Structure formats: structure tokens, C-alpha cells
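J.: When you get a sec, could you give me coordinates for this:
(2 chains)
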Number of protein chains: 2
Amino acid sequence: MQGNSSKRAAAPKRGKTTNEPLLNRDSATALYIQIADRLRAEIDAGTFATDSKLPAESELTQRFDVSRVTVRQAIAQLLADGYVVSKQGKGTFVSRNKFVHDLKPMRGFYDALVAQGVEPKTKLLEFGPVSTPEPLRQAFGKDDGESDCFRLKRLYLVDGEPIALVVSYLPPQASGLTWEQANRNPIYVLLENLLAMPVAQAQIRIRACSAGTSVGRALGLSPRAALLVMDRESFDGNGMLLERTSFHIRPENYEFTLSVQGPLPVGSSIKNVNGAASHDHAA
Amino acid sequence: MQGNSSKRAAAPKRGKTTNEPLLNRDSATALYIQIADRLRAEIDAGTFATDSKLPAESELTQRFDVSRVTVRQAIAQLLADGYVVSKQGKGTFVSRNKFVHDLKPMRGFYDALVAQGVEPKTKLLEFGPVSTPEPLRQAFGKDDGESDCFRLKRLYLVDGEPIALVVSYLPPQASGLTWEQANRNPIYVLLENLLAMPVAQAQIRIRACSAGTSVGRALGLSPRAALLVMDRESFDGNGMLLERTSFHIRPENYEFTLSVQGPLPVGSSIKNVNGAASHDHAA
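T.: Numbers count the residues shown, from 1 in each chain, chains lettered A, B, ... in the order given. Predicted structure coming up:
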């Protein structure tokens, strides 16, 4: 219901309270949703600090005067929303604030994190020539079937926890780069400063998938864990591909945002509707 | 590695071929990745049509002259990427083209689907007053603690399969709407045409999460299935909240795109780097 993108204030913790506002037991809103909403608002307000343990089930059962099943449903909801994380054998903890990656300005993944006051650590896992994947050959402007491109695989960590696995394909020109340079520099620095290939435009796709075995292992997740994925292709002023990168991101801590300006376009279904009920379908 | 956003051409199927380009067995790229890349390119090229069955493991084992384990890894990769779907007891099938939802123009979810030539069916699951969730009270401009807002819950289906569960909160003014109106009209039609509340701006967040029990059930997925989520808040010209909607989307068939124009901003880490290796961290 509520963005946890807003920074949570460091409010004082409160203990058990006698003036708990009552749940609305006549509402069409299920009790567990009401409880999840309440807890979410308290997390946003800083009542429960980041990384602190959520109160035990028994405590929440008492506080809201509901069954244990209802409390479990509420917590499952918070887990699904990424507001809390479950740590094996330790309990349920409040997630840290999400990193909010504004899509509007062009900037690299590293800079998007830095812009939020985080200094991510990175770990270069792989950098070297690979046979250019078929779909990239022509885009890299070398369609002779011979040239290698360069693949760079990197792990991003925040507070020692991996948050993203990044795999980049760089054009054959990247053969001039050393491991040390690839290790120390964001992709866009490699392109703009070290290869003198300025980026003019990027095409971004955002999707979700299951981690699968190898990505899951790199990120410390089960193969079935949900991931947020950004695929990016960056081009120079002539439309030549400069890099293609996939960012596989742990979703608990990350979201993309964008502000879109209206008005709604002419020709949308908005403009076609005649009053109340001229549509067969909806939404 | 390759966008399946591009429409797949209806190319003729090919049977077994004797001029199979060899896998590069000396490459740093694992064989299963090379095979996944090859199959992905063939799916993109239309060699395997949408909804057609992928060749059996034994056939792929023969074709690529690799072990069954390697073939399984390649298929797991395609599954993770959403290129194929596994149907219980039936085999592995080529996914349909992803719906590509361009984020740049302001338009509703319904219109974004229509813009891609799809006529989604919708099913209204719930429409009625609910106690306004705490975080929305002030935003809806009614902070008296009394007013109800309206919740609308809708399922979107394409070809009879659910693709998204949508939950909207509409302001108290929506009390004038009938179930029939809510059933037949997109959110933005309800706001602009029926409530005379034109939308000037929308704030969008995109994230991923696990489905959880209730959303999973609505979409026919396991609770652990990965979902793509768009949260949208729409505002009028005075910054007053008109609606808040969460779109829980099956990720196999959907992705968001955005084109971002450069150049990279002054003040990014790009501009701070001095030549080769002045950074401690990277990417």
C-alpha cells in the first residue's frame, strides 16, 4: 500500500500499547491485510528499525487479538512485498530501505547506487574475450564472424551482501583494456574514458525471472528465488552498439522509478469511451 | 543475451541439419550457455514457433553432441529467462512474445496491451468501499479519518490465461460509480470520463517479488513464483492523488522498456575518473 522508498525516520520504538486502534472487523478488507498495512506503516514510520527483528508471532497475536493463522498471513504478505525478510532459524527482520533507481536520467548502475548514498563494493568475476553471441555480431559493427567481444561479469555487494550480478558484453575494441582497468571502473567509465566511446542513448528493458542455478548461486539465493532484471543496450551517436548488460538484482532491496507526465494521449481508449458503459472489457 | 522483444518472424521450421555450426569447446563460455544462446537465437528467428514444443532432451543431446546434463542446464537457462515454459507432464514449450510496455507515454495498463494488438479480457473480482489505508488518507485529500476509499480488484486475461492481478484504490468520490461501470472501464476512463478527474502525472515504481499465497492463487502460480510488479500513483494537476494501483504481473510474458537519452550527467563518476585506475570500486 505504501512506498517504502521514502526514507524511514528514526522514530522511538514503542512497546506494547494500550491504545492500539482497533482493527475493523466488519470491513471488506481481510484482517490479515489490515494488520499487514498497520505493520507496513509502522516500518515506514521507523517504529521498527531496519534490520531489527519483527515482534514474535505470539506477541502480534496478542496485540491484534487475532489467531496465529491471521498473523502468519500478515507476515507472509510483508515477506511477499519485501518489507521483511525471513532469516533461517533467526526470525523475521525488517528489510533495509529499497534502493530507488530513477530511470529518467542516463546513468550507470554504479552511479545510481552512489546517488543514493551507497558505496557499493564490486567483485570482478570474469573479464575476457568470448566468441561474440550471434545476435550481437552485427550490432557491434563486426559481422565478419571472426571477432571476439569481451564479457565482463561482476558482483555488486552492499554491506557485504551481494545485491546484483552483472554480465556485460563489450565490443571487440575492449581488447585494449586490462583486468585491472575492468576491475576498477564502471562500464560507462570504461566506454567513455578508457575507450573514448561516448554513450548517446540507452535502451532499457525491465523484467522479472527466477534466479536459476548459476545466478542463484552467485547471489546466495535458491534457484526459484524471484529476481528483478534490467537489460541495457547502450549506443553511440551513430546507433552503433557499445555494450549490452544484464543486471540480475535481488528484489528485496531494489526498485526502479519513473515519473510520467500526462495528459493521456488522444486515441487511447479513454477518448473512445462514450459515457458510462460502452466498453466490453475494462481497466 | 538477446531481446525477445523483437517480433519473431514466422520462419520455416527446420529439421535436423547436417551443417550445425560447432560449439566452441575451448571457449570461456560454458557449453550450456552457448547452447542456450543458440536456441534463443532460433526462437527469436522463428525457427521454433510460439507455443510449439521444444525438441526433446535426447534430440538436443544428439544435435549438440553434449551430455544430457548440459542440455538440461541450457533449458533451465531458457526457463529462467522466460524463453520457454515447462508444462507439467507435457514438455517444454516456446513462450509467446513478451508484451513490451513502453514506459515513456502516459497510458493505462489496458491501453498498453491494446497498443500491442492484444484485446485483454478482464474480470472484476471486487469493487466497493474500504476503510482508507493510513498512508493514502492525506494523499486523497480527506484526512478526517472517516471517509472510505474504493478498492477495485481485477484480473487480466490473455488467451484465457491470467496475466495480471490489479488492485486499485480510488478516492472517496468513486462512491458515485456502479459495479457495472467499474466492470467495463479502465481505471483511467473511470477517472477522466466518469469522475471528471483528469490525470496530469503518474509516479511509477517497478519491482519484483514472490507471488505469495493469495496473489499466486489468483494467477494460478505457486506462492514462490516470481512476479513483476508495477505500483502506480496518479495525480491531478494540483498534485492530489487520484488513484493508487498495484499490478502483479506474470513475468514470462511481460517487460517494461524505456529509451534513455544521453549524454551522461556531469558529476557522475564518469567525470571524476582520472585515466586508467583511480577508482577503488567499479562498474
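
J.: Is it correct that A:Phe235 is in contact with A:Ile204?
T.: No - contact between A:Phe235 and A:Ile204 fails when scored by C-beta atoms under 8 Å: they sit 11.9 Å apart. For the C-beta atoms, the positions are set from N, CA and C on the backbone; glycine is no exception.

J.: ok, A:Val166 - how many residues close by?
T.: Other residues within reach of A:Val166, judged by other C-beta atoms under 10 Å in any protein chain shown, total 23.

J.: Going by residue numbers, what spans are strands in the stretch 151-283 of chain A?
T.: Under the criterion DSSP state E, counting those that start in this stretch, the stretch 151-283 of chain A contains strands at A:161-170, A:201-210, A:226-235, A:241-249, A:254-261.

J.: Export those as CSV, with columns for distance to chain B and mean pLDDT.
T.: Listed next are those as CSV, based on distance: least, C-beta to the nearest C-beta, whole Å; pLDDT from 0 to 100:
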stretch, distance to chain B, mean pLDDT
strand A:161-170, 6, 93
strand A:201-210, 4, 92
strand A:226-235, 3, 93
strand A:241-249, 7, 94
strand A:254-261, 4, 90
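
J.: Which of those strands sits closest to B:Asn253?
T.: Among the strands of the stretch 151-283 of chain A, the nearest to B:Asn253 by C-beta to C-beta is strand A:201-210 (9.9 Å).

J.: partners of the closest one in the sheet?
T.: If you go by DSSP bridges, strand A:201-210 pairs up with strand A:226-235 (antiparallel), strand B:254-261 (antiparallel).

J.: Looking at those, spot the one closest to B:Val215.
T.: Ranking the strands paired with strand A:201-210 by proximity to B:Val215 (C-beta to C-beta) places strand A:226-235 first, at 12.1 Å.

J.: The closest one versus strand A:241-249: what angle between them?
T.: For strand A:226-235 and strand A:241-249, the angle between their directions (axes from the mean of the first three to the mean of the last three C-alpha atoms, to 10 degrees) works out to 170 degrees.

J.: would you put the C-alpha positions of stretch A:192-206 in PDB?
T.: C-alpha atoms of stretch A:192-206 as PDB (Å, rounded to 0.1, in the frame of the first residue of the first chain):
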ATOM      1  CA  GLU A 192      33.700   6.900 -22.200                       C
ATOM      2  CA  ASN A 193      37.100   7.500 -20.600                       C
ATOM      3  CA  LEU A 194      39.200   4.500 -21.500                       C
ATOM      4  CA  LEU A 195      37.800   3.500 -24.900                       C
ATOM      5  CA  ALA A 196      36.800   7.000 -25.900                       C
ATOM      6  CA  MET A 197      33.400   5.700 -27.000                       C
ATOM      7  CA  PRO A 198      30.800   8.200 -25.600                       C
ATOM      8  CA  VAL A 199      27.300   6.900 -24.900                       C
ATOM      9  CA  ALA A 200      24.500   8.800 -26.600                       C
ATOM     10  CA  GLN A 201      21.500   6.600 -25.800                       C
ATOM     11  CA  ALA A 202      20.400   3.500 -23.900                       C
ATOM     12  CA  GLN A 203      17.600   1.100 -24.400                       C
ATOM     13  CA  ILE A 204      16.400  -0.400 -21.100                       C
ATOM     14  CA  ARG A 205      14.200  -3.400 -20.500                       C
ATOM     15  CA  ILE A 206      12.900  -4.400 -17.100                       C
END
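
J.: Go through it and flag the buried ones.
T.: Using 16 or more other C-beta atoms under 10 Å in any protein chain shown as the test for burial, stretch A:192-206 gives A:192-195, A:197-206.

J.: Run the chain-centre distance for it.
T.: Remark: stretch A:192-206 is offset 21 Å from the chain centroid, using C-alpha atoms, centre = their mean, to the nearest Å.

J.: And for stretch A:68-87?
T.: In terms of C-alpha atoms, centre = their mean, the centre of stretch A:68-87 is set 19 Å apart from its chain centre.

J.: CA-only coordinates of it in CSV, if you can.
T.: Extracted C-alpha coordinates of stretch A:68-87, given in CSV (Å, rounded to 0.1, in the frame of the first residue of the first chain):
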residue,chain,number,x,y,z
ARG,A,68,-1.9,-17.2,14.8
VAL,A,69,-3.0,-18.1,11.3
THR,A,70,-4.0,-14.5,10.6
VAL,A,71,-0.7,-13.2,11.9
ARG,A,72,1.1,-15.6,9.7
GLN,A,73,-0.8,-14.5,6.7
ALA,A,74,0.0,-10.8,7.5
ILE,A,75,3.7,-11.7,7.8
ALA,A,76,3.6,-13.7,4.5
GLN,A,77,2.2,-10.6,2.9
LEU,A,78,5.0,-8.4,4.2
LEU,A,79,7.5,-11.1,3.0
ALA,A,80,6.0,-11.1,-0.4
ASP,A,81,6.2,-7.3,-0.5
GLY,A,82,9.8,-7.4,0.5
TYR,A,83,9.1,-5.4,3.7
VAL,A,84,10.6,-8.1,5.9
VAL,A,85,13.0,-10.9,5.3
SER,A,86,13.0,-14.3,6.9
LYS,A,87,16.4,-15.5,8.2
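
J.: What lies in contact with it?
T.: With contact meaning C-beta atoms under 8 Å, 6 or more residues apart in numbering or on different chains, stretch A:68-87 is reached by A:4, A:30-33, A:35-36, A:39-40, A:43, A:54, A:57-58, A:60-61, A:64, A:92-95, A:98, A:251-253, B:207, B:209-215, B:223.

J.: Among these, name the buried ones.
T.: Buried members of the contacts of stretch A:68-87, counted by 16+ other C-beta under 10 Å: A:4, A:31-33, A:35-36, A:39-40, A:43, A:54, A:60-61, A:64, A:92-95, A:98, A:251-253, B:207, B:209-212, B:214-215.

J.: What are the phi and psi values at the residue of the stretch 51-200 of chain A found nearest chain B?
T.: Nearest residue of the stretch 51-200 of chain A to chain B, counting by C-beta to the nearest C-beta: A:Ala80, 3.3 Å away. With angles defined as degrees, to the nearest 10, A:Ala80 sits at phi -60, psi -30.

J.: Pull the number of nearby residues for it.
T.: Counted with other C-beta under 10 Å, A:Ala80 comes out at 24.

J.: A:Val158 too?
T.: Per other C-beta under 10 Å, the neighbour tally for A:Val158 reads 18.

J.: got it, and A:Gly239?
T.: Applying other C-beta under 10 Å, we find 10 residues neighbouring A:Gly239.

J.: Quick check: it vs chain B, distance?
T.: 12 Å (C-beta to the nearest C-beta, to the nearest Å).

J.: separation between that residue and A:Thr213?
T.: A:Gly239 is 36 Å from A:Thr213, where distance means C-beta to C-beta, to the nearest Å.

J.: for the closest residue to A:Gln34 other than its chain neighbours, what are its contacts?
T.: Setting aside the residues directly before and after it, A:Gln34 is nearest to A:Leu23 in space (C-beta to C-beta, 6 or more residues apart in numbering or on different chains), at 5.0 Å. Contacts for A:Leu23 (C-beta under 8 Å, 6+ apart) come out as A:Leu31, A:Gln34, A:Ile35, A:Phe64, A:Asp65, A:Val66.

J.: on that earlier part again, dump the buried residues of stretch A:192-206 to TSV, plus distance to A:Arg154.
T.: As requested, the buried residues of stretch A:192-206 are arranged in TSV below (distance: C-beta to C-beta, whole Å):
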residue	distance to A:Arg154
A:Glu192	18
A:Asn193	18
A:Leu194	16
A:Leu195	17
A:Met197	19
A:Pro198	22
A:Val199	18
A:Ala200	24
A:Gln201	23
A:Ala202	18
A:Gln203	21
A:Ile204	18
A:Arg205	19
A:Ile206	19
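
J.: wait, which of these is closest to B:Asp159?
T.: Among these, A:Arg205 lies closest to B:Asp159 (C-beta to C-beta), at 22.6 Å.

J.: The closest one is in contact with A:Thr245, isn't it?
T.: No - between A:Arg205 and A:Thr245 there is no contact under C-beta under 8 Å: 11.1 Å.

J.: list residues touching both of those two?
T.: Shared contacts of A:Arg205 and A:Thr245, defined by C-beta under 8 Å, 6+ apart, are found at A:Asp231, A:Arg232.
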